[in-house]
Every structure is written in C-alpha cells, then in structure tokens.
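Participant: Structure, please.
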Amino acid sequence: TGYHHFSGGFSKLKQVMGRVHQDLQHYIVGLITGAAPRQFVIVIHALMDIQYMAQSPSPDENLLVCIDRSLLIFHENKDIIISLKARMGTKKPINNWFIPKLELMQSI
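Facilitator: All right, here's what the predicted structure looks like:
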C-alpha cells in the first residue's frame with residue numbers, strides 16, 4: 001500500500017519487475033491522461049485491462065469476452081504507438097510489432 005515515487009521519472013525505467021512494475025501499472029493511465037493523445041491513452045488502458053484481467057484466479061466466459069474486447073481495442077489503435085515513436089529500442093524507435101509477450105497474449 002502507499003504511493004511509489006519514481007524519482008528519476010518513469011521514462012528512465014528499464015526492465016522493471018515485481019513491485020515497481022505493479023506500481024507503474026497503477027499510475028500509468030492517470031499519468032498520461034491529458035498529456036498524451038487520446039488514442040495513445042486508449043491503447044495503454046486496453047493493455048492495462050488485459051494485464052489485470054489475465055491475473056484472475058478463476059476466469060469465466062464473461063472475463064474471456066472482456067479480454068478479447070480489450071485485445072481488439074489494442075489492435076485497432078496500436079499504430080499510434082509507432083507513429084509517436086513510443087516503441088523504443090536502445091537508441092532508436094522500433095517500427096514493428098514483433099513482441100513475444102504480445103504474441104503470447106493472443107493465446108489467452
């Protein structure tokens with residue numbers, strides 16, 4: 001519980017795991033709302049929804065329908081991420097969607 005302060009800003013984080021990753025998930029949509037284009041916020045919100053719903057200990061048919069809906073919203077809007085150059089490698093933007101974890105989400 002409590003508030004996690006990212007002293008260097010969250011854009012400086014690399015390969016976050018565990019508690020820091022969870023804290024960032026709690027704040028990300030609120031942090032970017034109003035600062036990022038609406039379509040970008042929609043994409044991030046859809047990804048966060050998928051993350052939360054996928055953690056359910058007992059998914060039912062309704063939850064699976066919601067996950068599918070969020071995946072569809074993500075795929076309908078994901079081009080904004082590349083157009084804003086928000087998918088970054090170590091030194092330059094990445095202009096593709098080859099992300100193994102994203103492929104894995106399709107098999108839920």
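Participant: For the residue nearest to the spatial centre of the chain, give me its contacts.
Facilitator: For the chain, residue 47 is the residue whose C-alpha lies nearest the centre (C-alpha atoms, centre = their mean; 3.9 Å). Each residue near residue 47 by C-beta atoms under 8 Å, 6 or more residues apart in numbering is listed here: 70, 74. Bear in mind the C-beta positions are built from the backbone N, C-alpha and C, glycine included.
Participant: quick one: average confidence on the strand or helix carrying it?
Facilitator: Counting by DSSP states H and E, the element that carries residue 47 is helix 38-54. Average pLDDT, helix 38-54: 90.
Participant: buried stuff in it?
Facilitator: Residues of helix 38-54 classed as buried: 40, 41, 42, 43, 44, 45, 46, 47, 48, 49, 50, 53 (neighbour count, 16 or more other C-beta atoms under 10 Å).
Participant: and that helix, C-alpha only, in CSV?
Facilitator: Taking C-alpha atoms only, helix 38-54 is exported to CSV below (Å, rounded to 0.1, in the frame of the first residue of the first chain):
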residue,chain,number,x,y,z
ARG,A,38,-6.4,10.2,-26.7
GLN,A,39,-5.8,7.2,-28.9
PHE,A,40,-2.5,6.5,-27.1
VAL,A,41,-4.3,6.6,-23.7
ILE,A,42,-6.9,4.1,-25.1
VAL,A,43,-4.1,1.7,-26.2
ILE,A,44,-2.4,1.8,-22.8
HIS,A,45,-5.7,1.5,-21.0
ALA,A,46,-6.5,-1.6,-23.0
LEU,A,47,-3.1,-3.2,-22.2
MET,A,48,-3.6,-2.5,-18.5
ASP,A,49,-7.1,-4.0,-18.6
ILE,A,50,-5.6,-7.2,-20.2
GLN,A,51,-2.9,-7.3,-17.6
TYR,A,52,-5.4,-7.1,-14.7
MET,A,53,-7.9,-9.5,-16.1
ALA,A,54,-5.3,-12.1,-17.1
